[in-house]
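1. Sequence below, structure please.
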Amino acid sequence: MKIMKQLFLIMVVILFYNTKATAQIGSSKDSCTMVYDSIINRIVYTIAGKMPEYVGGEIEILNYIRKNFNYTPDANNFQASFRAEFVIDENGVLIGERIRNKKLEDITQAEREFLRMLKSMPKWIAGRCNEKPVPVKINLPLQF
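-> Purely as a prediction, here's the structure:
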């Protein structure tokens, strides 16, 4: 289990800032790309001049995940990958957490635990576009 958790954390680091844009609405002079997020019902950025950062950087987010993600798969209940999405708002608060392309009633135990962990995260450093704090959507593919 320890090796699996370490592999999981490595994949999080490698894939963490995958911010593939979908349904592009527009862009600003700072090469910032916006989309409409139907979960939180507002325009968010998928690419910002300065992307949101977890306080302490990648090492600290890995430590946070390691300490707070409490999922122990068994032989009958193992899930190898899923894609989480969330928005870091202009105040650095994580909102609109979800599993991409799944309804809440269809998510697995691992996905439910990951969403629980996301909801409990401390504030981030907000993303910026043209020196202004903006909400930024993050796509986080997880594999373990």
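
2. Mind pulling up the pLDDT for residue 111?
-> The model reports residue 111 with a pLDDT of 89.

3. wait, it sits on residue 81?
-> No: with contacts defined as Cβ atoms under 8 Å, residue 111 does not count as touching residue 81, sitting 10.5 Å away. Quick note: C-beta positions are derived from backbone N, CA and C, even for glycine.

4. Those two: which has the busier surroundings?
-> Taking residue 111 and residue 81 together and counting by other Cβ atoms under 10 Å, residue 111 has the greater number of neighbours (20 against 11).

5. next one: phi and psi at the more buried one?
-> phi -60, psi -40 (degrees, to the nearest 10).

6. distance between the helix or strand hosting residue 95 and the chain's centre?
-> Under the criterion DSSP states H and E, the helix or strand holding residue 95 is strand 94-99. On the basis of Cα atoms, centre = their mean, to the nearest Å, the separation between the geometric centre of strand 94-99 and that of its chain is 7 Å.

7. Within the sheet, what are the partner strands of that strand, with directions?
-> Each strand that strand 94-99 pairs with, and the sense of that pairing, follows from DSSP bridges: strand 81-88 (antiparallel).
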